[in-house]
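Student: Return a 3D structure for these sequence lines:
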Amino acid sequence: MTRTIKFTKMHGAGNDYIYVDTTRFPIEHPEELSKIWSAPHTGIGSDGLVLIGTSDKADFSMRIFNADGSEARMCGNASRCIGKYLFDYGLTSKTKIMLDTLSGIKVLNLHLADGKVNSVTVDMGIPADEPADYDGKGAKPMKEQPIEVDGERYAGTTVSMGNPHLVIFVNDIEDVDLPVIGPKLENHPLFPERINVEFAQILGEGKIRMRVWERGSGITQACGTGACATAVAAFLTGRAGRDSTVIMDGGSLNIRWDIATRHVLMTGEATKVFDGEIELID
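Tutor: Below you'll find the predicted structure:
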């Protein structure tokens, strides 16, 4: 049997996903569909597939699948886009939305212009160390630690923002051969579940330039949780204050690590690209 699935393609700072409202269009085997639909030449083309659903703990739920079919626990850019999707398509009239994710319930605060959402602030919660047994005696939480690849040593900070990140600061980000080093760090033996990799350069005046190799998707234009992890790592290593603008290939995000609550707040735009339909054979 063939069904027509309606979808919306959206992006946050260039990080683009396919969004499906599963309350209207139920989907089975999203892992396989994400691989097929995300393909740039034979599919829709995206960094992955995002499913919007119901929740008995929050207003709505989110499941996110990378372009390789693996499921992610959280995505900052996708959560902002979900906020815009829900409000602009009339699924809610709330401007404060509780979103159920695999990394817990996230709070979305929608900012409106002319009756539509133009940016969203997401409460990303409290950052944590992403364990890595660097020295055989246990990880040193959220401090720079050495990591070696092909005989070259890097200083990396592991941070969890609902999913795992390795942040490495460099003097010149343009010198980083990300297509080569990214997959090697993602699949380093220190990280049996793989890891997202961010290279970052401090520009001054609260600005940080960042490039990302995402676990399961490769090079992407932006990563919301990665921007948060980078801002946290910059503060912890004395490179920046609690407020940062993280500049990525696809755009910028404002990150604030609140001193009172210890929560990381991420603000950025959410953009609809187009609506579409695709045939699905059950």
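
Student: Low-confidence bits of the stretch 51-200 of the chain, can you list those?
Tutor: Across the stretch 51-200 of the chain, residues meeting the criterion (pLDDT under 70) sit at 130-142.

Student: And the strands in it?
Tutor: 60-66, 71-72, 96-101, 104-113, 116-123, 145-149, 152-160, 164-169, 196-204 (DSSP state E, counting those that start in this stretch).

Student: which of the ones you listed is buried the deepest?
Tutor: Per residue and on average, the most neighbours among these fall to strand 164-169, with a mean of 25 (mean count of other C-beta atoms under 10 Å). Backbone N, C-alpha and C define where each C-beta goes, glycine included.

Student: Give me the distance from it to the chain's centre.
Tutor: 13 Å (C-alpha atoms, centre = their mean, to the nearest Å).

Student: Output the contacting helices and strands for it.
Tutor: Secondary-structure packing of strand 164-169 (3 or more C-beta pairs under 8 Å, 6 or more residues apart in numbering; DSSP states H and E): strand 152-160, strand 196-204, helix 224-236.

Student: Quickly list the domain ranges of this protein.
Tutor: Per automatic domain parsing, the structural domains of the chain span 2-125+269-281, 145-262.

Student: what about the first one, how long is it end to end?
Tutor: This points to domain 2-125+269-281. End-to-end distance of domain 2-125+269-281 (C-alpha to C-alpha, to the nearest Å): 4 Å.

Student: One more: the shortest one?
Tutor: Counting by C-alpha to C-alpha, you get 23 Å between the two ends of domain 145-262.

Student: For stretch 72-81, C-alpha coordinates in CSV please.
Tutor: Taking Å, rounded to 0.1, in the frame of the first residue of the first chain, the C-alpha atoms of stretch 72-81 are listed here in CSV:
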residue,chain,number,x,y,z
ALA,A,72,20.3,11.3,18.5
ARG,A,73,19.3,12.2,22.0
MET,A,74,19.0,15.9,21.4
CYS,A,75,19.4,18.6,18.8
GLY,A,76,19.3,22.3,19.6
ASN,A,77,18.7,23.5,16.1
ALA,A,78,15.9,20.9,15.5
SER,A,79,14.2,21.9,18.8
ARG,A,80,14.0,25.6,17.7
CYS,A,81,12.5,24.5,14.4
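
Student: Need the contact partners of it.
Tutor: The contact list for stretch 72-81, computed with C-beta atoms under 8 Å, 6 or more residues apart in numbering, reads 10-13, 15, 17, 19, 48, 50, 62, 64-66, 99, 101-103, 106, 108, 119-120, 122, 124, 161-163, 215-216, 222-225, 227-228, 253, 266, 268-271.

Student: 6 Å instead?
Tutor: Residues outside stretch 72-81 that contact it (C-beta atoms under 6 Å, 6 or more residues apart in numbering): 10, 12, 15, 17, 50, 64, 66, 99, 101-103, 106, 120, 122, 162-163, 222, 224-225, 266, 268, 270.

Student: Mind putting the helices and strands packed on strand 164-169 into a markdown table with distance to Asp129?
Tutor: Shown next, in a markdown table, are these (distance: least, C-beta to C-beta, whole Å):
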| stretch | distance to Asp129 |
| --- | --- |
| strand 152-160 | 6 |
| strand 196-204 | 15 |
| helix 224-236 | 10 |
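
Student: Which one of those lies nearest to Ser38?
Tutor: strand 196-204 (17.0 Å; C-beta to C-beta).

Student: Could you point out the helix or strand that follows that closest one?
Tutor: strand 207-214 (DSSP states H and E).

Student: partner strands of that following strand, parallel or antiparallel?
Tutor: Partners of strand 207-214 in the sheet, by DSSP bridges, are strand 196-204 (antiparallel), strand 218-220 (antiparallel), strand 243-248 (parallel).

Student: To Val149, which of the ones you listed lies closest?
Tutor: Nearest to Val149 among the strands paired with strand 207-214 is strand 196-204; the distance by C-beta to C-beta comes to 10.6 Å.
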